[in-house]
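> How does the following fold in three dimensions:
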Amino acid sequence: MLELQSSPIHQTVPSWTELAKNLGVQFAERRIDSNENDRFVAENFAALKQHRFVSAGVPVELGGGGASYSEMCEVLRTLAHHCSSTALAFAMHTHQVMIPVWRWQHQNAPVEGLLRRVAMEQIVLLSSGGSDWLEGSGTATRVEGGFRINACKVFASGAPAGDLLMTSAVYNDPEAGSTVLHFAIPMQAEGVKIDPVWYAMGMQGTGSHTIVLSDVFVPDTGIALKRSQGEWHPLFHLISMVAFPLIYSVYVGVAEAARDLTVQLIQQRPENDHICYLVGGIENELMAAKLALQHMMTVADASQPGFNTTNQVMTARTLAARAVLNVVDLAMEAIGGKAFYRSLGLEQLFRDAQAARYHPLREGEQRRLAGQLALNRNLYKN
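The predicted structure is shown next:
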C-alpha cells in the first residue's frame with residue numbers, strides 16, 4: 001500500500017502591523033537613549049530595512065511587500081506606541097513611497113524605476129516638502145546641461161539613514177518667472193552635506209537635520225517637474241491627500257500611548273471623581289483624534305486629488321492635531337506633579353506630540369483655505 005503523505009501545516013504569515021508590534025518592543029528599549037542623548041534611531045531604521053518595511057508599501061508586482069495604504073497607516077500608528085521618533089522619521093519615507101505608488105496605480109505614471117529601486121535596494125527616501133511647501137526654497141542656476149543647486153533643506157527627518165533626497169529649488173526663468181523645479185539628489189552626491197542641528201524639544205531621535213546643498217549638479221533629465229512658485233499644483237493636492245493621513249497616524253499613536261500610560265498609572269490610585277472626569281476627557285479627545293484620522297484615511301482611499309480633497313484632509317489634520325494635543329495636556333493634568341519626571345515617560349510623549357502643530361497646512365492657513373472654498377474665492381495662490 002502507498003503511504004499517504006500528510007499535508008504541511010498551514011502557517012499564517014504575520015501582517016505588517018503584527019511585525020511592527022514585535023519590532024516595537026525592541027524599539028521601546030532604545031527610546032530613552034535616543035531621547036536623552038539626541039541620538040538618531042539608527043538601529044531601529046536598520047531593523048526596518050532588515051525586515052523590508054522600507055518597501056512594504058511597494059506593490060508586489062514591483063518587488064515590494066504589497067501592503068495597502070491603510071495598512072501602512074496602521075504600521076506607523078503601531079510604531080508610535082513604542083517609539084515616536086522612529087514612527088515619524090519612517091512616515092517621511094513612507095509617504096514618499098506611497099505617492100508614486102498611487103500614481104502608478106491610478107495614473108499609469110512612469111515611476112516603476114524608483115519603486116523597484118526601493119524594493120530591490122531598500123533605499124530610504126528623504127523629504128523636504130514640509131519645509132518647502134508651495135514656495136520652494138534654495139536657488140537653481142542654469143548651467144550647461146542642467147542646474148546648480150544651492151539650498152539649506154531643514155527638518156529632513158531620517159537624514160542620517162537617507163539615500164535619496166526628494167526636493168526642489170527655485171529657478172528664475174527668464175520667460176516664465178519664478179519656477180520651482182523638483183528633483184531627486186543622491187545623498188552621496190558631490191556638494192551634499194548633513195548639518196547636524198537637530199537638538200529639539202521633542203522627537204529627538206528623528207535625525208531631522210538640515211541638508212546643505214552646495215553647487216550640486218542636477219541634469220536636465222533629472223528635473224521631474226516644473227511649476228509656478230507659490231501656486232497650488234496637482235502634485236501638492238496629491239501630497240496633501242496621501243502624506244498627511246500617514247503622518248498623523250503617528251501622532252494618534254502617540255496620543256494612544258499617552259492615554260494607555262495614564263490609565264495604567266491612575267489605576268494604582270484610590271478612586272477619585274475628579275480624576276475620572278479628567279480621564280473621561282482624555283477618552284473624548286482620543287476618540288476625536290481617531291475619528292479625524294479615519295476621515296483622512298477614508299478620503300485618501302476613495303478620492304481624487306483636488307481642492308475639495310485637500311480641504312477635507314487638511315480640516316481633519318487640524319482637528320486631529322488639536323485633539324492629540326488635548327490628550328497629552330489632559331494626561332499631564334491627570335497624573336499631576338509626577339508627570340514632570342522624565343523617568344515616568346509621559347513628559348516625552350507630551351513633548352513629542354507638540355510636533356503635530358508644525359506640519360502644513362498649519363491651522364491658520366488651513367482655515368483660510370477652507371474659507372476660500374466656502375466663499376468661492378481665488379484658490380490658486382496659497
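> any idea of the mean pLDDT for stretch 41-52?
The average of the pLDDT scores along stretch 41-52 is 97.
> My error: substitute stretch 287-304 in the last question.
For stretch 287-304, mean pLDDT rounds to 97.
> Now that stretch: buried residues?
Counting neighbours by 16 or more other Cβ atoms under 10 Å, one finds that the buried residues in stretch 287-304 are A288, A289, K290, A292, L293, Q294, H295, M296, M297, V299, A300. Placement of C-beta: from N, CA and C, glycine included.
> Could you identify the helix or strand that succeeds the strand or helix carrying the third one?
In this structure, K290 is located in helix 273-302 according to DSSP states H and E. For helix 273-302, the following helix or strand on the C-terminal side (DSSP H and E) is helix 307-335.
> now the angle from the very next helix or strand once past that following helix to helix 307-335?
Remark: after helix 307-335, the chain's next helix or strand is helix 346-353, criterion DSSP H and E. Going by axes from the mean of the first three to the mean of the last three Cα atoms, to 10 degrees, helix 346-353 is angled at 160 degrees with respect to helix 307-335.
> How far off centre is helix 346-353?
Between the centre of helix 346-353 and the centre of its chain there are 18 Å (Cα atoms, centre = their mean, to the nearest Å).
> what's the average pLDDT for that helix?
97.
> Now do it: which elements does it pack against?
Other elements packing on helix 346-353 under the criterion 3 or more Cβ pairs under 8 Å, 6 or more residues apart in numbering; DSSP states H and E are helix 84-107, helix 234-266, helix 307-335.
> just checking, what packs against the following helix or strand past the first one?
Put plainly, it is helix 84-107. Sequence order places helix 112-121 as the next helix or strand after helix 84-107, per DSSP H and E. Under the contact definition 3+ Cβ pairs under 8 Å, 6+ apart, helix 112-121 sits against helix 84-107.
> Contact partners for A370?
Counting by Cβ atoms under 8 Å, 6 or more residues apart in numbering, A370 touches N311, M314, T315.
> quick one: which of these is nearest S68?
Proximity of the contacts of A370 to S68 (Cβ to Cβ) peaks at M314, which lies at 22.9 Å.
> Hmm, E363 and that closest one touching each other?
No: the pair M314 / E363 is not scored as a contact, 9.4 Å apart, by Cβ atoms under 8 Å.
> So which of the two has more stuff around it?
M314 (23 against 15; other Cβ atoms under 10 Å).
> Any idea how many residues pack against D329?
16.
> Which residues does stretch 332-350 contact?
Residues contacting stretch 332-350 (Cβ under 8 Å, 6+ apart): 31, 35-36, 84, 202, 254, 257-258, 261-262, 265-266, 275, 278-279, 282, 328-329, 331.
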